[in-house]
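Colleague: Sequence and predicted structure, then a few things I'm wondering about:
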Amino acid sequence: GASIARAQSSGSPTIDAATSMPLRFDGRAAVIIPAGADYLSDPVDMPAKALETIAISLHYDGEPEQTSHPGSRATSWHMPGDHLSDATMAGAAHFDHWFNLAALEVERCAPSRLIVALGDSITDGKGSTTNGNDRWTDVLAKRLQADPQRPGIAIVNQGIGGNRLLNDGLGPNALARLDRDVLAQPGVTHLIVLEGINDLGTLTLEAPVSQAEHDSHVTRIIGAYRQIIARAHAKGVKVIGGTIMPFVGNGYYHANRDNEADRQAVNAWIRTPGHFDAVVDFDRVMRDPAKPERLLPAYDDGDALHPSPAGYRAMGTRYRSTCSTDRAVEQSGAFFWGICQLTQRKVKQWRPIAPAMTSAPPAAPGSRARGCLCSRSVVGLTTPMRGRRSVTAITIPIFEGRHLMLSTAEIDNSMHITAHPWLCWLRSGRLSD
């Protein structure tokens, strides 16, 4: 079985029991999900506000198998038995991972627009505060919600630790997951791409390579960007490129001047007008002016690769981004400095995001506040593919006869608000009654 409720906090296994309600799949509590598939729950009526924290609780037949998100930077709890309606899971064990739940969608009273952030562990938030919701995407989501002109813009964080453009790592490469993680997201209008640092680093991870191999690698990375841009444009999605941040000094990648030259070459292409629809120059924000091949110490989490909470805050607040006309866009201090609605592929002019989004939506009949959520809710589930083998259905092994309460997450960030019903996706398996 599964249930949904408002959470009392992001760091404890407690819910507001008065808001708890069961989730059903085709009217049933139990569901078997095919391997690799997504499964939506039936709609649930649950009023919610942007940036509110929601808890999803699951009761499984078997032992748990982590399917998708080891680096959640959020805590989940588990214990034996069925605790779907309990207000608290006293004595529960905990771990800082997400199990099975992949997404949450909310239907708004007015249409919303969705930005998807496609990235690696820097977007995933390695180095951010556990249960602190201070990834750069969190900072961006809060800024957008604080801007009265942009309450209907939502953020989906699709960062995966170790992710690359060209090769699989802890998850599928960016090109392989573009359709599922970006283009299939309801309401997506803009994509922010911050990928490539792991491609650059792994090239020489085991041994140096020739200059020809460096040059070829840069060409392939740029080719991957071109593919992402072309495929997104075909779906009407604008693409914002994020420059790759410095990583000289990192002990794992041991980057040298050749790796740095590759990074500079890639960033030069990203910054060149006419490629991306807009650019967010994370490199300029995060680098040390005295040693531009390194992160600024105040923004370094200590490994010379990942930002600290202060660094993520800087990524979300202290930069300029430019349209592909190379003209700065500065709109009310918001992140949308660099998100331009472009009138044609080869840009000759720009204007800020559509005028319809520059004023608050009118209150809908029965709404409690401007920008309220209509709160038709759905929750769904998904499964690991188990390598490449064909599997018709998988029984999710999650704590034999035990209950799992997934950590809470902010709506409008790692969970997301869109113009569609709630989806809580569970990575496939069988839920017990």
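Modeller: Thanks, I have it. Since the structure is predicted, the reported quantities are computational estimates derived from the model, not experimental observations.
Colleague: Identify the residue nearest the geometric centre of this structure.
Modeller: Geometric centre of the chain, nearest residue: Asn157, 1.1 Å, by Cα atoms, centre = their mean.
Colleague: Across the sheet, point out what pairs with that residue.
Modeller: Ala117 (DSSP bridges).
Colleague: Per-residue pLDDT of it, please?
Modeller: According to the prediction, Asn157 has pLDDT 94.
Colleague: State the distance from it to Asn163.
Modeller: 12 Å (Cβ to Cβ, to the nearest Å). The C-beta positions use only the backbone N, C-alpha and C, and glycine is treated the same way.
Colleague: Show me the shaky parts of the stretch 151-300 of the chain.
Modeller: Nowhere does the stretch 151-300 of the chain drop to pLDDT under 70.
Colleague: So Ile56 is in contact with Ser3, correct?
Modeller: Yes. Using Cβ atoms under 8 Å, Ile56 is in contact with Ser3, at 7.5 Å.
Colleague: quick one: which of the two has more around it?
Modeller: When neighbours are counted by other Cβ atoms under 10 Å, Ile56 and Ser3 differ, and Ile56 comes out ahead with 29 against 23.
Colleague: If you tally nearby residues, what's the number for Arg21?
Modeller: Residue 21: Met, not Arg. For Met21, using other Cβ under 10 Å, the count is 14.
Colleague: List the contacts of it.
Modeller: Applying Cβ atoms under 8 Å, 6 or more residues apart in numbering to Met21 gives the contacts Ser3, Ile4, Ala5, Val44, Met46.
Colleague: Return the set of residues that bridge with it.
Modeller: Ile4.
Colleague: please renumber so the chain begins at 55
Modeller: Sure thing, new numbering starts at 55, so read that last one as Met75.
Colleague: Tell me how far it lies from Gly55.
Modeller: 12 Å.
Colleague: what's the answer for Thr184, then?
Modeller: For Thr184, the distance to Gly55 equals 28 Å [Cβ to Cβ].
Colleague: ok, the two, which is more surrounded?
Modeller: Neighbour tally, Thr184 and Gly55, criterion other Cβ under 10 Å: the higher count belongs to Gly55, 21 against 15.
Colleague: which residue ranges form the helices in the stretch 255-404 of the chain?
Modeller: 265-288, 311-325, 336-340, 363-371 (DSSP state H, counting those that start in this stretch).
Colleague: okay, now Gly365: neighbour count?
Modeller: Gly365 has 24 neighbours, counted by other Cβ under 10 Å.
Colleague: so it touches Gly356, yeah?
Modeller: No. Between Gly365 and Gly356 there is no contact under Cβ under 8 Å: 10.9 Å.
Colleague: Find the residues that touch each one of those two.
Modeller: Gly181.
Colleague: now the helices for the stretch 55-204 of the chain?
Modeller: Counting by DSSP H, counting those that start in this stretch, the helices of the stretch 55-204 of the chain are 175-178, 190-200.
Colleague: so what does the last one touch, helix or strand wise?
Modeller: Under the contact definition 3 or more Cβ pairs under 8 Å, 6 or more residues apart in numbering; DSSP states H and E, helix 190-200 sits against helix 175-178, strand 207-213, helix 363-371.
Colleague: now the last one, how far from the chain's geometric center?
Modeller: In this view, helix 363-371 has its centroid 16 Å away from the chain centroid, taken as Cα atoms, centre = their mean, to the nearest Å.
Colleague: That one - what's its average pLDDT?
Modeller: In the prediction, helix 363-371 has an average pLDDT of 95.
Colleague: quick one: Trp190 from Leu198, how far?
Modeller: Distance from Trp190 to Leu198, by Cβ to Cβ: 13 Å.
Colleague: And the two? Which one has more around it.
Modeller: Trp190 (29 against 22).
Colleague: Isn't that one up against Tyr366?
Modeller: Yes. In this structure, Trp190 is within contact of Tyr366 by Cβ under 8 Å, at 4.5 Å.
Colleague: Which neighbours do the two have in common?
Modeller: With Cβ under 8 Å, 6+ apart, Trp190 and Tyr366 have common neighbours Gly179.
Colleague: re earlier: which one of the contacts of Met75 has the most neighbours?
Modeller: Ranking the contacts of Met75 using other Cβ under 10 Å puts Ile58 first, with 25 neighbours.
Colleague: count of residues packed around the residue lying closest to Gly65 once chain neighbours are set aside?
Modeller: Once flanking residues are discounted, Gly65 sits nearest to Asn185: 4.1 Å by Cβ to Cβ, 6 or more residues apart in numbering. By the measure other Cβ under 10 Å, the count of residues near Asn185 is 19.
Colleague: ok, Gly81 touching Pro97?
Modeller: No. Gly81 is beyond contact range of Pro97, at 11.5 Å (criterion: Cβ under 8 Å).
Colleague: more neighbours, the two?
Modeller: Between Gly81 and Pro97, Pro97 has the larger neighbour count (other Cβ under 10 Å), namely 16 against 6.
Colleague: Look up the pLDDT of the more buried one for me, please.
Modeller: At Pro97, pLDDT is 87.
Colleague: Over to the one 4 residues further on?
Modeller: The predicted structure scores Pro101 at 85 on the pLDDT scale.
Colleague: do Trp152 as well
Modeller: pLDDT at Trp152 comes out at 81.
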